[in-house]
Every structure is written in structure tokens, then in C-alpha cells.
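**Q** fold the following for me, if possible:
(one chain, ligands or ions: 2)
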Amino acid sequence: MSEEPKTPGTSRRAFLRGSALAAGALAAGRASAAGPDPLITEVQPWAQVFGDGVDATPYGMPIRFEDHVVRRNVEWLTADVTSSINFTPIHALEGTITPQGCAFERHHSGAIEMSKQDYRLMINGLVDQPLVFTYADLERFPRTVQTNFCECAANSGMEWGGAQLQGAQFTHGMIHNMEYTGVSLRTLLDEAGVQPEGTWVYIEGADASSNGRSIPIQKALDDVLVAFFANGEALRKEHGYPVRLVVPGWEGNLWVKWLRRIEVTNGPVEAREETSKYTDLMPDGRARKWTWEMDAKSVITSPSPQAPWRQGPGPMVITGLAWTGRGKITRVDVSLDGGKSWQEARLASEPQSMALTRFHFDHVWDGSEMLLQSRAIDETGYVQPTKDELREIRGLNSVYHNNGIQTWWVKPDGEAENVEVS
Ligand SMILES: Nc1nc2c(c(=O)[nH]1)N[C@H]1C(S)=C(S)[C@@H](COP(=O)(O)O)O[C@H]1N2
Ligand SMILES: [Mo]
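**A** Ligands and ions are numbered 1, 2, ... in the order given. Below is the predicted model:
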């Protein structure tokens with residue numbers, strides 16, 4: 001493997017120039033053999049007419065050439081689409097913010113439509129003063145802005161038994177990352193006055209499933225947000241319009257949408273909770289429970305099965321996402337040889353707590369096959385494990401919390417396949 005300069009300094013520029021001449025000779029030769037490039041020499045159709053006026057798209061959608069960048073679902077996964085999940089096209093996105101329009105959805109009884117006028121939020125239970133807020137009431141409270149990832153605990157759950165789904169969208173796309181604006185839950189709980197016996201909160205949504213979940217009061221008073229904006233605009237219907245809960249770093253199922261009621265309790269509300277569902281069955285028959293924090297995890301988004309590398313040998317951009325429910329990502333390593341050797345990737349920006357971190361690895365590909373992997377390390381020192389290391393401890397009965405290292409087998413033609421190495 002060729003030695004890669006770590007910073008985009010002079011050496012990198014000189015290198016790119018050199019390789020463009022060498023590897024690019026092919027492309028340049030092709031262009032000259034075919035004659036002058038009409039895209040450069042001819043006046044193109046779009047330069048001979050007027051484009052759309054400023055009144056054409058009051059609210060814009062992506063240009064049609066990008067219409068493949070959409071949420072997708074897997075038909076056999078669930079019996080019905082109203083109690084199902086779809087996946088974020090992470091293989092086709094860059095940066096860290098997930099546009100709302102293609103951010104994965106998970107509903108237990110479908111996405112409901114509720115107006116701000118019809119919205120009510122009740123806080124009751126072990127409080128000094130039970131309260132009901134309208135949407136307009138919520139707008140009066142001081143606001144907080146924070147960016148967080150939301151990952152369904154079932155993300156990568158279909159990969160426990162072995163490599164199955166062909167694409168980062170399907171193996172790792174039960175995740176989105178948005179900039180939320182809202183009121184901290186602590187502010188609202190302080191308004192109601194939590195009594196000393198109040199050790200938990202039970203949180204309910206307004207949809208038929210209600211998605212009732214219990215959260216310890218420590219977390220509720222820490223960094224939980226009652227959010228009404230995402231990525232600068234109102235929440236989309238499918239993400240809980242007009243108000244949802246943001247529970248940084250914790251399982252997606254706690255992020256209650258269409259937030260309706262918060263009851264302060266003196267213990268978890270077991271009876272109303274799907275307690276058996278979000279547990280991890282261990283090989284000995286015991287189950288892990290209350291595994292709320294999402295473990296450090298990463299995935300290379302490109303190249304990947306849905307994002308093959310078509311440019312051939314030469315400079316290649318390898319990129320992906322890393323995250324942890326325990327704070328910040330501190331380092332991401334990339335392997336080209338299935339985990340035999342590792343090199344440090346560049347983090348695109350200063351990692352934020354419990355938010356997606358983008359990494360890039362600038363590689364010069366010689367055109368031979370690669371076993372691409374990424375490995376995340378977080379600020380607690382935790383290192384993302386291999387799938388075999390995970391299985392050794394957790395067995396094969398689990399669905400949730402699969403944060404094992406993903407392998408993409410990149411072939412000489414640039415196609416990539418989901419595989420496992422041992
Ligand atoms: N009210 C309500 N909240 C809900 C759910 C639901 O079905 N109803 N699904 C939960 C689950 S399991 C997940 S993973 C997240 C998904 O959030 P999203 O649909 O915005 O991606 O919402 C959670 N909140
Ligand atoms: Mo979920």
C-alpha cells in the first residue's frame with residue numbers, strides 16, 4: 001500500500017497532480033481519441049433557454065437526478081407497513097446531518113397527523129402541580145439547540161447470523177442525525193415540581209400504539225429535549241409533528257413521537273411497557289435488560305454495495321460515519337485488509353457528543369480487491385468489537401445492539417459486497 005500524507009498539504013497536491021497525469025492519461029487519451037468534448041465546445045440546451053422562475057418551487061425537492069436517494073424498506077421484515085421500519089440512504093449522503101425527508105421512520109401503528117392546535121402535553125404523577133401545555137405554551141420556554149443521532153436498537157439486527165443485506169442503507173440505516181430545537185425536559189419538570197419519590201418518568205405518545213416507555217429521572221433531568229424543530233424546520237409528520245422527545249445516546253424506542261403525556265412515577269411502568277421486546281437474549285437463557293445506551297459503532301458508507309467505486313484505480317475517497325451513545329468519538333481507524341492492519345482516518349469536524357461523526361480516508365487504490373472495515377473508538381476508551389467478539393459474549397439470540405465491525409469486499413471492478421471475515 002502506498003504511503004498517504006495525513007494532511008492536505010503540498011505533498012498531497014503534488015501527488016494528485018502526478019497521479020492525474022499518470023492514471024488520468026487514460027481518460028485524457030479517451031477524450032482526444034473521440035474528438036473534442038461537445039460539453040465544452042458546444043452551447044448546451046440549458047444555456048439557450050430560461051430556467052425556472054423563483055415561483056416554481058415554493059418548497060423545493062431534490063433535483064430528479066437524485067431521485068434514487070430515498071428511504072427504502074425490506075418487505076419481508078414485517079407483516080405490515082404501518083408497524084414497520086424503513087432505512088436512511090446513508091450510502092448516498094455526506095456530512096453528518098440527515099435531511100428529514102429521507103431519515104428512517106419507525107412506527108408501531110403508523111404516522112399520525114396532528115395539528116399544533118390539537119396538541120396537548122400533560123405532566124402528571126408525582127409532581128407538586130400537574131400541568132397541561134398547549135403548543136403555544138411550549139413556545140414561551142427558553143430553547144435549547146442540540147444535534148443528536150437516533151438509532152433504533154434493531155439497527156444491524158438482521159446481521160447477527162451472518163452477512164445478509166446488500167447495502168449500508170439496509171445494514172446500518174436505522175439511524176438519523178438532526179439538529180433539534182426545543183425545550184429541555186428538565187425545564188418542564190421543574191415547572192411541575194418533581195416530588196422526592198419521583199425516580200422515573202413514564203412517557204407516552206398520542207398514536208394508537210402510544211409507545212409508552214419508562215426512563216430513569218436522572219436521564220430525564222439531564223439532556224432530554226422536548227423538541228419541535230429538526231434541521232431548522234418543523235418536525236415532519238413521520239418524525240412526530242408537532243413534538244417529539246430526544247433522548248441523546250439512548251435507544252430510538254425511547255424517543256417518543258407525538259409526545260402526549262409524561263407521568264412521574266416511583267419505578268418503571270412494567271405493565272404498560274413492552275418489557276420483553278427490547279431485551280437481548282443471551283446464550284444461557286438470561287436476558288440483558290435496560291441496555292439503553294447505544295454502543296460505539298461505525299460503518300463505511302462509500303464505497304459500499306449500493307455505492308460501488310466506478311472511477312477505477314487512483315485516488316479514492318473512502319468515507320463513513322461513526323457514533324457512540326457514551327459521549328464523543330475520539331478516533332476512527334480504517335482497514336483495507338479485513339482487520340489485519342489499521343490506519344487512522346480523518347475526522348471531518350470536531351466530534352460532538354452523541355451525534356454522528358463523519359470520517360474520510362484518502363486512499364490511492366491500486367485496483368486490487370480490498371476488505372474494507374472501519375472501527376470506532378469513543379472517549380470512554382471503548383473500541384468497536386468485531387462481530388465474532390460480540391457473538392462470543394452475546395451468542396446468536398439477540399436482535400438488538402449489534403455494533404460489530406462491518407466488512408465490505410471491494411472487487412477490482414469497484415463493486416462491493418457485504419461479507420464477513422474471521
Ligand atoms: N409515539 C411513538 N413514538 C415512537 C415510535 C412509535 O411507534 N410511536 N417508535 C419508536 C422507535 S422504535 C424508534 S426507533 C424511533 C424512530 O424515530 P423516527 O421514526 O423519527 O426515525 O421512534 C420511537 N418513537
Ligand atoms: Mo426502534
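
**Q** quick check: residues of the stretch 151-300 of the chain near ligand 2?
**A** The stretch 151-300 of the chain has residues 152, 252-253 near ligand 2, with proximity defined as C-beta under 5 Å from the ion. C-beta coordinates here come from the backbone N, C-alpha and C atoms, glycine included.

**Q** try 8 Å
**A** Residues of the stretch 151-300 of the chain lying close to ligand 2 by C-beta under 8 Å from the ion are 152-154, 174, 251-253, 278.

**Q** which two of those residues have the greatest separation?
**A** Greatest spacing in these, by C-beta to C-beta: Met174 and Tyr278 (13.5 Å).

**Q** quick one, helices of the chain?
**A** Along the chain, counting by DSSP state H, helices occupy 10-22, 24-33, 38-41, 135-138, 168-172, 185-192, 217-220, 387-394.

**Q** the spatially closest residue to Gln166 that is not a sequence neighbour: what's it in contact with?
**A** Distance criterion C-beta to C-beta, 6 or more residues apart in numbering; nearest residue to Gln166, sequence neighbours excluded, is Pro305 at 4.3 Å. Pro305 sits next to 91, 166-168, 408, 415-418 when contact means C-beta atoms under 8 Å, 6 or more residues apart in numbering.

**Q** what separation is there between Pro305 and ligand 2?
**A** The gap separating Pro305 from ligand 2 is 24 Å, by C-beta to the ion, to the nearest Å.

**Q** what's the answer for Met61, then?
**A** 27 Å.

**Q** let me see the contact set for that residue.
**A** The contact partners of Met61, by C-beta under 8 Å, 6+ apart, come to Gly101.

**Q** burial of Ala163, as a residue count?
**A** For Ala163, the neighbour count with other C-beta atoms under 10 Å is 18.

**Q** what do you get for Glu105?
**A** Neighbours of Glu105 under the rule other C-beta under 10 Å: 21.

**Q** from what I can see it touches Ser83, true?
**A** No: in this structure, Glu105 is not within contact of Ser83 by C-beta atoms under 8 Å, at 11.5 Å.

**Q** let me see the confidence value for the residue found closest to Lys116 once you drop the neighbours it is linked to in the chain.
**A** Nearest residue to Lys116, sequence neighbours excluded (C-beta to C-beta, 6+ apart): Tyr135, at 4.1 Å. Tyr135 carries a pLDDT score of 98 in this model.

**Q** next one: Thr82
**A** According to the prediction, Thr82 has pLDDT 86.

**Q** close enough to count as contact, Leu281 and Ala287?
**A** Yes: counting by C-beta under 8 Å, Leu281 touches Ala287, with 5.0 Å between them.

**Q** of these two, who's got more company?
**A** Higher neighbour count among Leu281 and Ala287: Leu281, with 17 against 14, using other C-beta under 10 Å.

**Q** which residues touch that one?
**A** If you count contacts by C-beta under 8 Å, 6+ apart, Leu281 has them with 287, 395, 397-398.

**Q** so can I have a markdown table of the residues of the stretch 151-300 of the chain next to ligand 2 showing pLDDT and neighbour count?
**A** Shown next, in a markdown table, are these (pLDDT from 0 to 100; neighbours: other C-beta atoms under 10 Å):
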| residue | pLDDT | neighbour count |
| --- | --- | --- |
| Cys152 | 97 | 22 |
| Ala153 | 96 | 24 |
| Ala154 | 96 | 20 |
| Met174 | 98 | 24 |
| Glu251 | 97 | 23 |
| Gly252 | 98 | 21 |
| Asn253 | 96 | 20 |
| Tyr278 | 65 | 22 |
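
**Q** ranges for the strands of the stretch 1-150 of the chain?
**A** Ranges of strands within the stretch 1-150 of the chain are 84-85, 106-107, 120-125, 131-134, 144-151, based on DSSP state E, counting those that start in this stretch.

**Q** quick check: pLDDT value at whichever residue of the stretch 301-422 of the chain sits closest to ligand 1.
**A** Of all residues in the stretch 301-422 of the chain, the one sitting closest to ligand 1 is Tyr400 (10.5 Å; C-beta to the nearest ligand atom). Per-residue pLDDT puts Tyr400 at 92.

**Q** so it is in contact with Lys289, correct?
**A** No: the pair Tyr400 / Lys289 is not scored as a contact, 10.9 Å apart, by C-beta under 8 Å.

**Q** Ile217 and ligand 2, how far apart?
**A** Counting by C-beta to the ion, the gap from Ile217 to ligand 2 is 23 Å.

**Q** spatially, what comes nearest to that residue if we skip its sequence neighbours?
**A** Spatial nearest neighbour of Ile217, chain neighbours left out: Thr199 (5.3 Å); criterion: C-beta to C-beta, 6+ apart.

**Q** which residues are in contact with that neighbour?
**A** So Thr199 contacts 216-217, 265-267 (C-beta under 8 Å, 6+ apart).

**Q** where does the protein dip in pLDDT?
**A** Counting by pLDDT under 70, the chain contains low-confidence residues at 1-33, 270-278.
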